[in-house]
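Novice: Dropping the sequence and predicted coords here.
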Amino acid sequence: MGNGDDLRLLRAYEPVARFTEGEYFFPVSVERYVGRASLWRHEPGQGPVQIAAPGDLSLDGLAAAGGAEQGLGYALSGIGTGDKHLAHIPLRDRPPHLSRSSRLGAVGLTGRMVDTLNRFSLLFRGSVPGGSAARSFLLQRDHLETREPTYYGRVVRDGSWIVCQYWFFYNFNNWRSAFGGVNEHEADWEQVTVFVDAAAPDGPDGLPSPSWVVFSAHDEVGDDLRRRWDDPDLTTVGGRHPVVFVGAGSHSGAYLPGDYLITVRPPRLRGLVGALRWSARLLAPWSPEDQSNVGIPYVDYARGDGRAVGPGQSEQWHPVPINDETGWVRDFRGLWGRDTRDRLGGERGPAGPRYGRDGTVRPAWADPVGWAGLAKVVPDQAEERRLVAIRTQRDLDRLAELDDEIDALRMELTVAAAGLPAAAPEVRALAAREQRLLGLRMERTRLADELRWAAAEPVAQHPHAHLLHRRLPIEQVAGFLGRARSWWAVLSTPLILLAIGAVAAPPPVSGQQTALILLLGMLVVEGLVRGKFLAVVLRILLAFVLIIALAVVWLEGRYVVTSIFTAAALLVLLVNVREATRR
């Protein structure tokens, strides 16, 4: 099929993008961006060197400008490099203010401590200079025509699957500076992928309905990336067009509108984060979700209450078909956006739709079916029945072999042990063959179950059956408790750091006892705002009992014993009260 057929498919399933009110950047034309961008190469010991000035580049000439390296080590930039001038967005052009959720209030104390460490790490990382977001915004406003939102569409045919990929280019990601996120970088590539069963019945327009969809997401991989077309979390327009709720600044995709808590484990802090997660199981009386969320917390705002683009909306897409033969896609492996040389990657510009930053082909481009975990899924029901029949015959053949092996091995064992004492070395030596027999019986049981399932009437699986993790918006805590939790999250970490510093101060510095009491008091407040007051007090008392128990090793006397029994009585009382009040 030619580009006309691909364009028809792309149009048939193109997504609806609903942005968050307060978003600064929208999908724009790469042709316009490249026409206003400069091209830079990093030279060892010299820093960035300009290869092409703004106005000297075109999409057709991009690969040639990247030289024999196909752009590896090169970076496009619409804001240049080395310019420290702080541009500002005029007040009249600024989008509406976004009311933020408390990202720190959504996680426990250990998560907030890791976030503090990450803030210090930013001092040693490469980052985009101040004013970059503003200069990119002015470039978008003056030259990139946001009222002509563009996607770059690609169609792949893989067996029974028709894959429609929609790539969106943003000239800046201002997640950190505008929305309290972690990353900030010039340029951003995101995508939506729709999977269609080519053998499914055609609709009124002669095209089948989609089966699965994948949105760009930060924390999801494999099966968790995709959602079935009948998933209740998925919104569609006209039954054919998936609705993606775009994260403010980050431009990631969400299936449900709302604010999303995401935590990351920085490579240089993974050992510490792992230790904190382990200690949280013992020391932090928060929920299991909080223990898994120990890391750098941030909120992705995907509310869908702002601008909407796509079928049935006031603004429509401008599609541009691409494929493996599109020159600028295939032949330029450099970065689309300033290269800050950030070792963690969060502040560097991305590579294009086909490549990663290291110049290798993206899995999403090379094998979209396998990348989404669909290589094991048969879209065509008739083909699935044929494959089930093949597997059934294979299982029946193997069962016959197993029965023969089991009978022979069982006979061999009984003959070998017949008439010998149970403790005889010859009988003890049969243990390995007994394990072999057990393995054969286990395999036979598994195959028998498999045959039973294959023979039974198919049961409709829940749309979430394939998910290991279902990404959901964070639950908002309203009222006084929600406000208290937000403010406490802001104040608690520095106060606790000050208290720990005072407790650890050398002897000439007084106030350790007071600081220790304040530290314990702050942990109690943490429990109150997190709804875990009794659990916090229980752990404090446990620590007190442990200290007293250690003191018993060195001290003797009725007062120590009395203290132990008093603490034990309080512990029992708290446990009983907690059990009585649990809902």
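Specialist: Okay, I see it.
Novice: which residues in the stretch 251-400 of the chain form helices?
Specialist: With helices called from DSSP state H, counting those that start in this stretch, the stretch 251-400 of the chain shows them at 270-283, 288-292, 327-331, 363-366, 368-371, 381-417.
Novice: Tell me which residues are up against the following helix or strand past the longest one.
Specialist: Remark: after helix 381-417, the chain's next helix or strand is helix 425-428, criterion DSSP states H and E. With Cβ atoms under 8 Å, 6 or more residues apart in numbering as the contact definition, helix 425-428 has outside contacts at 416-417, 420-421. To be clear about C-beta, it is placed using only N, CA and C from the backbone, and glycine gets the same treatment.
Novice: would you list these in TSV and tack on neighbour count, pLDDT and distance to residue 339?
Specialist: Listed next are the contacts of helix 425-428 as TSV, based on neighbours: other Cβ atoms under 10 Å; pLDDT from 0 to 100; distance: Cβ to Cβ, whole Å:
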residue	neighbour count	pLDDT	distance to residue 339
416	13	91	70
417	15	89	72
420	12	89	75
421	9	90	77
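Novice: Just send those residues back as TSV, with distance to residue 47 too.
Specialist: Listed next are the contacts of helix 425-428 as TSV, based on distance: Cβ to Cβ, whole Å:
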residue	distance to residue 47
416	77
417	79
420	82
421	83
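Novice: which of the helices of the stretch 251-400 of the chain has the lowest average pLDDT?
Specialist: Across those, helix 288-292 has the smallest mean pLDDT, namely a mean of 45.
Novice: Please name every helix or strand in contact with the helix or strand residue 41 falls within.
Specialist: Taking DSSP H and E as the definition, residue 41 sits inside strand 38-43. Judged by 3 or more Cβ pairs under 8 Å, 6 or more residues apart in numbering; DSSP states H and E, strand 38-43 is in contact with strand 47-52, strand 74-77.
Novice: run the last query once more with 10 Å
Specialist: Judged by 3 or more Cβ pairs under 10 Å, 6 or more residues apart in numbering; DSSP states H and E, strand 38-43 is in contact with strand 47-52, helix 62-65, strand 74-77.
Novice: which ones are touching residue 313?
Specialist: Residues near residue 313 by Cβ atoms under 10 Å, 6 or more residues apart in numbering: 16-18, 237, 241, 243, 307.
Novice: Then residue 239?
Specialist: Shown in contact with residue 239 (Cβ under 10 Å, 6+ apart): 203, 209-210, 229.
Novice: I'd like the helices and strands packed on strand 38-43 as JSON lines, with distance to residue 338, mean pLDDT and mean neighbour count appended.
Specialist: Listed next are the helices and strands packed on strand 38-43 as JSON lines, based on distance: least, Cβ to Cβ, whole Å; pLDDT from 0 to 100; neighbours: other Cβ atoms under 10 Å:
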{"stretch": "strand 47-52", "distance to residue 338": "9", "mean pLDDT": "88", "mean neighbour count": "16"}
{"stretch": "helix 62-65", "distance to residue 338": "16", "mean pLDDT": "90", "mean neighbour count": "19"}
{"stretch": "strand 74-77", "distance to residue 338": "4", "mean pLDDT": "94", "mean neighbour count": "26"}
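Novice: got the ones you listed as a markdown table, with distance to residue 376 columns?
Specialist: Formatted as a markdown table, the helices and strands packed on strand 38-43 follow (distance: least, Cβ to Cβ, whole Å):
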| stretch | distance to residue 376 |
| --- | --- |
| strand 47-52 | 45 |
| helix 62-65 | 36 |
| strand 74-77 | 38 |
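Novice: and residue 164, which of those is closest to it?
Specialist: Smallest distance to residue 164 across the helices and strands packed on strand 38-43 (Cβ to Cβ): 25.0 Å, for helix 62-65.
Novice: Report how many residues lie close to residue 302.
Specialist: 27 (other Cβ atoms under 10 Å).
Novice: Touching, it and residue 243? I think so.
Specialist: No: here residue 302 lies out of contact with residue 243, judged by Cβ atoms under 10 Å, at a distance of 11.1 Å.
Novice: Common neighbours of the two, please.
Specialist: 18, 215, 253-257.
Novice: ok so, going back, dump the contacts of residue 239 to a markdown table, plus neighbour count, pLDDT and distance to residue 96.
Specialist: Output for the contacts of residue 239, formatted as a markdown table (neighbours: other Cβ under 10 Å; pLDDT from 0 to 100; distance: Cβ to Cβ, whole Å):
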| residue | neighbour count | pLDDT | distance to residue 96 |
| --- | --- | --- | --- |
| 203 | 12 | 79 | 39 |
| 209 | 17 | 89 | 37 |
| 210 | 23 | 95 | 33 |
| 229 | 19 | 95 | 33 |
